[in-house]
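Chemist: sequence? don't have it. structure:
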């Protein structure tokens, strides 16, 4: 998902990015009780791989209790989702254990099931007579604590560049040079349409400044200037791991920021009250 | 000059004819393998060489090192041995061919060894760095083997390995992809926080959490059922050289003599004896009857001898040995028991197809008795005492741990119970918690129901990267992990990518490992295009030696890789604009960003850290002992002392060298100045008359003035040592 952000500066944009990556709560497998594991992977590695599987929670993740703060003993439906995995290979051929074999014990969550991954996410392979039998408990957490709870694979913003072409100087170039100028940009920002150099999408620019370097080489340093747009405008692109939809990530991230601000507000109020009391 | 084949002189040839002979033979070796075998090494040490005997050396034996080179006269591949090649003209490139050249390298990279050939773009590096890499390549954590049954003392295993993107040709040839040694890491070369100073390396915490450089150490602990059990076990493998020359391994020589005598006796007599089974049965029956009555040593000896004789002659070995062991089990004298035991051992030697368990059970109970004089006890692995009560709750019934269990320090690992009721609990001794990877019982496979004599427990230690662990690229660029930095704080690229690790640009100017920079670019291009990159040395820019040298060809590696990077939409020099992860603002400098294959080295802090507050002291000097294993301290040596002096920190110095070391209150007689003459003696108290300890000087008697001084304890030791050499050391002590 992409969206633009305007009328603010890098601090807000970066706050959004940081909160999306590190402070958006999701559900991931955190405890694994292994009953039998004769697979080639050892218990820790198997658990680690299970933890990294995106879990799609059907309710609102934010409403879920944190397992640590929940008043239950161990785990309960208010703070966790249980999964079961039992695969045994009785055949001759090696089989694959995938996220599809992970069975949720409640209908609140499922492991990621995406049409781009028809076979699921590979956990392990089992040889003849090998078996994995375990129960896994998924809990709520944030990417700050462990990357498995981070809902995004990329969350990044780009500064909109302001690319100014000097058409007077461009026209002085021979068609071959113009072609070379267009080719100088590895990100292919420029294109030639009807003999004119155009910029179909400014966001293609990755600030390599190769075009400016080229211009300098041919002795026309004013041919092109690449700068960040002033005041800045950002284009965000959010790519999810699958545990949340991109829009949900942004929404959740905004709520987190709101909560943070409210916390500061509350603290300010109490501070003010404290100061007024002695008088 | 002599002509030698496999070290033997087989003829002589005139010195001038030596070289033509060798040339002819080599030609035949290439053209007519029937006349001269392909594996024959034909070396000549020319008379001009003063260090070796001039001769024609030919070797045809097995297990010699040979390598393929191109034989120029025919163009065929010929195998060349290690001796002959020192006197051969082997060209590296076509340009090196001169009139004397006979052979040429198949590939110029053959000048490199296995480890050296695994360094990508090694022709771009300063040569010492390649040498360092050859050392370090052997210290990597990798996939060492695939067998789950091996029980090596210590094995380092990388859990998340990858094939390198930048690869040399030999990587394929030596099947290195089956045994990968590292991971392709996204590396940014920048000084970001200061945590990458002095070859430190910042690793992305999220990369680590996703499995970057995760590894394990496997340890095998052995728990033998009996110390010195090798003596008994060796009986299982008797050696027979000839009928009258016997060796029973690991037995005392005196016993061996007896064994020999008996064996010889037996053989002589048995050869006379008939092979009638019926007869033997009768003999044995008689012996049994007589043995019941007898308590005579001589007779006992006889009986056993008879049994041996009959057993040799008859095919009823099983029965006979049983009898013999029964008799020997109730020995009435030491000599008899020795003889009887050895009889049985010798029978075992003579008759190979013997039932081992009798020997085993018999020798277990009898052998130590002739050494120590008391009966040895049988021991076995079990979690139950003789009265049937369980010993350790966490262990299985067989006294061994469950596979997959996490062991902490002090947890039981193996329980051995003995016949006498003793229980030996072996515990997990190392401070690091470990998982049980597998448990093996070792027994003698040839004995049908022999009991195991050894338990092997393979432990798995989790060694995921921690601060202080060592990493290295393939260019002699090692560094330690200094910080697991959160992903959000890492700088990010235009596309939102954060590096797996950050290294400092200062790592490059003085070391000149240009190969690493090119590898980063090649790795990046390869990752973008999805192709493995050829990083073999001498591939670029040096094809001038080739006849088809083309000046328009992209010659340099940087040009070649740069073009690929351009096509992938990157700057052709591998640099990128990065944004600060903390502020989101652009970092002014272009930052070199690429994919480098990183290796985890086996030097880890958890094996090296040393900590001590107080702890064990040396008995002689009363100073802290040394050594990490014993909980010792780190020596504050002369140079450290010098720097403390230079800083004028005398209290710190006194604290280190005295108070925290071997501070001692010593008694000294200030009249004679001796540290050694003061003794404590009980005297009656003047007021109450009750006995109390008084310190008096033995030299000065009542005139002595005894007081205490604070000295390092070693000083007292020194005074003692000096006294031993007739040197008196006195102290001028006075009350302050």
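Modeler: Happy to help now that I have it. Remember, predicted model here, so these are calculated numbers, not experimental data. Numbers count the residues shown, from 1 in each chain, chains lettered A, B, ... in the order given.

Chemist: And the pLDDT at residue 202?
Modeler: Since no chain was named, I'll use chain A. Residue-level confidence at residue A:202 comes out at 85, pLDDT.

Chemist: sorry, should have said chain B
Modeler: At residue B:202 the predicted local distance difference test score is 95.

Chemist: you'd agree it is in a helix?
Modeler: No - assessed with DSSP: H, G, I helix; E, B strand; the rest coil, residue B:202 is strand; it does not lie in a helix.

Chemist: Count the neighbours of it for me.
Modeler: With neighbours defined by other Cβ atoms under 10 Å in any protein chain shown, the count for residue B:202 comes to 26. No exception for glycine: its C-beta is placed from N, CA and C like everyone else's.

Chemist: got the contact list for it?
Modeler: By Cβ atoms under 8 Å, 6 or more residues apart in numbering or on different chains, the contact list for residue B:202 reads B:192, B:193, B:195, B:196, B:481, B:482, B:483, B:485, B:490, B:501, B:502.

Chemist: The second one falls within a helix, correct?
Modeler: To tie it back to what came earlier, the one meant is residue B:193. No - residue state for residue B:193 (three-state DSSP) corresponds to coil; a helix is not indicated.

Chemist: need the contact list for it.
Modeler: Taking Cβ under 8 Å, 6+ apart as the definition of contact, the neighbours of residue B:193 are B:202, B:483, B:485.

Chemist: The contacts of residue B:202, buried ones only, as a ChimeraX selection?
Modeler: Selection of the buried residues among those in ChimeraX, burial being defined by 16 or more other Cβ atoms under 10 Å in any protein chain shown:
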select /B:192,195,196,481,482,483,485,490,501,502
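
Chemist: Filter the contacts of residue B:202 down to the ones in helices?
Modeler: For these, membership in helices holds for none, with DSSP state H as the criterion.

Chemist: any idea which of the contacts of residue B:202 is the one closest to chain A?
Modeler: When the contacts of residue B:202 are compared for distance to chain A (Cβ to the nearest Cβ), residue B:490 comes out closest, at 10.2 Å.

Chemist: so that closest one makes contact with residue B:498?
Modeler: Yes - under the criterion of Cβ atoms under 8 Å, residue B:490 is in contact with residue B:498, at a separation of 4.1 Å.

Chemist: Now list whatever residues contact both of the two.
Modeler: When contacts are counted by Cβ under 8 Å, 6+ apart, the set common to residue B:490 and residue B:498 consists of B:204, B:581.

Chemist: Quick check, central residue of chain A?
Modeler: Ranked by distance to the mean C-alpha position of chain A (Cα atoms, centre = their mean), the top residue is residue A:152 at 1.8 Å.

Chemist: Touching, that one and residue A:249? I think so.
Modeler: Yes - under the criterion of Cβ under 8 Å, residue A:152 lies in contact with residue A:249, with a separation of 6.2 Å.

Chemist: shared neighbours of these two, which are they?
Modeler: Between them, residue A:152 and residue A:249 have A:20, A:24, A:238, A:240 as joint contacts when contacts are counted by Cβ under 8 Å, 6+ apart.

Chemist: leaving aside the residues next to it on the chain, what's closest to the first one?
Modeler: Which is residue A:20. Here the nearest residue to residue A:20 in space, its sequence neighbours aside, is residue A:155; by Cβ to Cβ, 6 or more residues apart in numbering or on different chains that works out to 4.1 Å.

Chemist: which residues of the stretch 101-250 of chain A fall in strands?
Modeler: All strands of the stretch 101-250 of chain A, identified by DSSP state E, counting those that start in this stretch, fall at A:103-104, A:109-111, A:122-126, A:131-141, A:152-159, A:161-165, A:191-193, A:196-198, A:224-228, A:234-240.

Chemist: List just the nearest of the shared contacts of residue A:152 and residue A:249 to residue B:723.
Modeler: Taking Cβ to Cβ as the measure, residue B:723 sits nearest to residue A:24 out of those, at 77.8 Å.

Chemist: a strand runs through that closest one, doesn't it?
Modeler: No - Residue A:24 is assigned coil when assessed by three-state DSSP, not a strand.

Chemist: check contacts around it.
Modeler: Residue A:24 sits next to A:142, A:143, A:150, A:151, A:152, A:244, A:249, A:252, A:253, A:256 when contact means Cβ under 8 Å, 6+ apart.

Chemist: By neighbours, which of those residues wins?
Modeler: Each of the contacts of residue A:24 was scored for neighbours by other Cβ under 10 Å, and residue A:150 scores highest at 30 neighbours.

Chemist: and the spatially closest residue to it that is not a sequence neighbour, what does it touch?
Modeler: The spatial neighbour of residue A:150 that comes closest, neighbours along the chain excluded (Cβ to Cβ, 6+ apart), is residue A:143 at 3.0 Å. Contacts for residue A:143 (Cβ under 8 Å, 6+ apart) come out as A:21, A:22, A:23, A:24, A:26, A:149, A:150, A:151, A:152, B:206, B:487.

Chemist: Show me what from the stretch 101-250 of chain A comes close to chain B.
Modeler: Taking Cβ under 8 Å from any Cβ of the partner chain, the part of the stretch 101-250 of chain A that reaches chain B is made up of A:143-144, A:146-148, A:150, A:154-159, A:186-188, A:206-208, A:210, A:228, A:237, A:239.
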